[in-house]
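Participant: Fold the following, please.
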Amino acid sequence: MRSSLGEGHPLKRAHRSIAILAGLALAAFAAGCTREPIAPPSAEPTPSQSASPSPAMPLPGTSATTEAEPPRPTGLENPFTVLIHNCYLADPSINPIGAPTSREKGVRLVVSGAIRNNSERLIFRAGIFSKLVVNFGTEPSLEKHSPGLGFEPAVTSNDPWRPGTWRTFRIEGRALDPIYREFKPKTITGVLSMEARDPLDFRFANEIERTRPRWDVLFGIPVDMTTTTSEEVSIAYGPKAIKKILPKGAAVKIVAQQGGGYLALAQGQYFGWVPEKSLAIRQYESMYSEQPPVNFPLGSQIEGRFGMRVLDYRYDVQVAGLPEVEAGYMSFQVEVTSLAKQQSLTVKPEFFWVDQGSGRLAEAASKTAAVVGALPPQTNLAPGASLTGWIHVQRHKDGWPFALVFEPPSSPAAHMHVLGAIGREGRKNGNATTP
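Facilitator: All right, here's what the predicted structure looks like:
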């Protein structure tokens, strides 16, 4: 039956509204069964929107991985790249230049390098720390930590550490008691750790690197490296304290190391002990690569003046005819040849001196008339003539023969790097007859 109600009647309008609402509800139900879920917003929320975000878990509103963005670092990953430029042990009391800034005596670890921020975070607080772990075959191992934050310059709100950039650092740890220099460790480890944070939610605190510093660097070892100066260097070297200057960027050859001091040659002549901070050392381990052994005789010459050779040596010995001293003598059998064409060459024992490290330089004894085989008190060599004899230098406690130098007046000096032939663990006696 057809309704007699008009289109404008209130009941007619009510029936039509109910039908429309029913249709919308059915459509919404069908859409809910077939539509894909709506993706969360890609922007990262503020800290108040997240309970406890960390690098180990994706933040709300982000996916763990996408094709365009690599996974964020986790607590097991290191979001930093570490480069160790230099790493050594030093003690101010046996350093040629007292490299560590602290006056605290004893053995401490010194490490320098650079770190790259791969975390994609703007870091405004950061510190890098060292721990020296030394084991002498007993338990527990000795540990010494570093003070300070290490970075140069410091990471601050005014100078934050931006993503993809490098920061340099230098760490000097606390010192072991000096008595431990008397023992040789079984193992030595340098552990580097770092703490870093950004202003929002990034937190990092973990070990980032381990090193193996060498114990014998404390006392002095031969090394082999060519590098450049990182600043202008002025050194007064030798018994005459002759001052020499090298500009920034000058090439130098490093032949020995004692703590933070490096014995350098420039243009073939000994320049002196250069502090580590004045050298552009970036790959310290290459200095210690095994080199073929250097054997006596060693030779050096000054063209048109003289030639000199070291034929043999003794150290830590007493010499008949010289006063007995606690640490003994360093003795070298030398040969000097005049290369002059006309003028004679004057040779005296006191023209010889030995760099014993730790800033100690000693001239050869001159009163050797009662010593068999000693170099005469004075000899005038005719052109082409040669002279052979022993020189004797009083040894300092803990002194080692780094370099033997012949430096007659008004003449360039002839230098010989004798530590390269004797070595730290070398023989106490050479091959020739005991002087």
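
Participant: Can you tell me which residue is spatially central in this protein?
Facilitator: Closest residue to the average C-alpha location of the chain: Asn86 at 1.4 Å, with C-alpha atoms, centre = their mean.

Participant: Let me know the distance separating it from Arg314.
Facilitator: Distance of Asn86 to Arg314, given as C-beta to C-beta, to the nearest Å: 34 Å. Placement of C-beta: from N, CA and C, glycine included.

Participant: what does Leu132 give?
Facilitator: According to C-beta to C-beta, Leu132 and Arg314 sit 36 Å apart.

Participant: Those two: which has the busier surroundings?
Facilitator: Ranked by neighbour count (other C-beta atoms under 10 Å), Leu132 and Arg314 place Leu132 first, with 26 against 21.

Participant: Quickly run through the sheet partners of the one helix or strand the more buried one maps to, with directions.
Facilitator: Here Leu132, judged by DSSP states H and E, is contained in strand 125-135. Strand pairing for strand 125-135, using DSSP bridges, gives strand 142-145 (antiparallel), strand 187-197 (antiparallel).

Participant: Let's have the ones you listed in JSON lines, adding distance to Ser358, mean neighbour count and mean pLDDT.
Facilitator: Formatted as JSON lines, those follow (distance: least, C-beta to C-beta, whole Å; neighbours: other C-beta atoms under 10 Å; pLDDT from 0 to 100):
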{"stretch": "strand 142-145", "distance to Ser358": "22", "mean neighbour count": "16", "mean pLDDT": "93"}
{"stretch": "strand 187-197", "distance to Ser358": "21", "mean neighbour count": "18", "mean pLDDT": "95"}
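
Participant: In contact with the residue nearest to Gln269 when sequence neighbours are not counted, which residues?
Facilitator: Leaving aside its sequence neighbours, Gln269 sits nearest to His415 (C-beta to C-beta, 6 or more residues apart in numbering; 6.4 Å). Shown in contact with His415 (C-beta atoms under 8 Å, 6 or more residues apart in numbering): 265, 269-270, 300, 403-405.

Participant: how about a cut-off of 7 Å?
Facilitator: Counting by C-beta atoms under 7 Å, 6 or more residues apart in numbering, His415 makes contact with 269-270, 300, 403, 405.

Participant: Quick check: the gap between it and Tyr270.
Facilitator: His415 is 4 Å from Tyr270, where distance means C-beta to C-beta.

Participant: for Phe136, same thing?
Facilitator: Noted for Phe136: a distance of 36 Å to Tyr270, by C-beta to C-beta.

Participant: Among those two, which residue is more densely surrounded?
Facilitator: Neighbours per residue (other C-beta under 10 Å) separate Phe136 from Tyr270, with Tyr270 holding more: 23 against 13.

Participant: what sits against that one?
Facilitator: So Tyr270 contacts 237, 403, 405, 415 (C-beta under 7 Å, 6+ apart).

Participant: at 6 Å what do you get?
Facilitator: Applying C-beta atoms under 6 Å, 6 or more residues apart in numbering, we find Tyr270 in contact with His415.

Participant: What does the pLDDT read for it?
Facilitator: With respect to pLDDT, Tyr270 scores 83.

Participant: how distant is the helix or strand harbouring it from the center of its chain?
Facilitator: Assigned by DSSP H and E, Tyr270 belongs to strand 269-275. Computed by C-alpha atoms, centre = their mean, to the nearest Å, the chain-centroid distance of strand 269-275 equals 18 Å.

Participant: Then stretch 364-377?
Facilitator: On C-alpha atoms, centre = their mean, the centre of stretch 364-377 falls 43 Å from the chain's centre.

Participant: And for it, what's in contact with it?
Facilitator: With C-beta under 6 Å, 6+ apart as the test, stretch 364-377 has contacts from 321, 349-350, 352, 389-393, 435.

Participant: Run through the stretch 151-300 of the chain and note the low-pLDDT ranges.
Facilitator: Along the stretch 151-300 of the chain, segments meeting pLDDT under 70 span 291-293.

Participant: can you pull out the strands in it?
Facilitator: 166-172, 187-197, 203-211, 221-228, 233-237, 242-246, 251-258, 261-266, 269-275, 298-302 (DSSP state E, counting those that start in this stretch).

Participant: ranking these by burial, who's on top?
Facilitator: Among those, strand 261-266 has the highest mean neighbour count (mean count of other C-beta atoms under 10 Å), at a mean of 24.

Participant: Name the strands paired with it and say parallel or antiparallel.
Facilitator: Going by DSSP bridges, the partners of strand 261-266 are strand 251-258 (antiparallel), strand 269-275 (antiparallel).

Participant: Which of these sits closest to Pro160?
Facilitator: Of all those, strand 269-275 sits nearest to Pro160, with 30.9 Å by C-beta to C-beta.

Participant: Would you map the helices across this structure?
Facilitator: Here the chain has its helices, by DSSP state H, at 10-34, 419-422.

Participant: Least confident of those helices, on average?
Facilitator: Taking the mean pLDDT of the helices of the chain, helix 10-34 comes last: a mean of 41.
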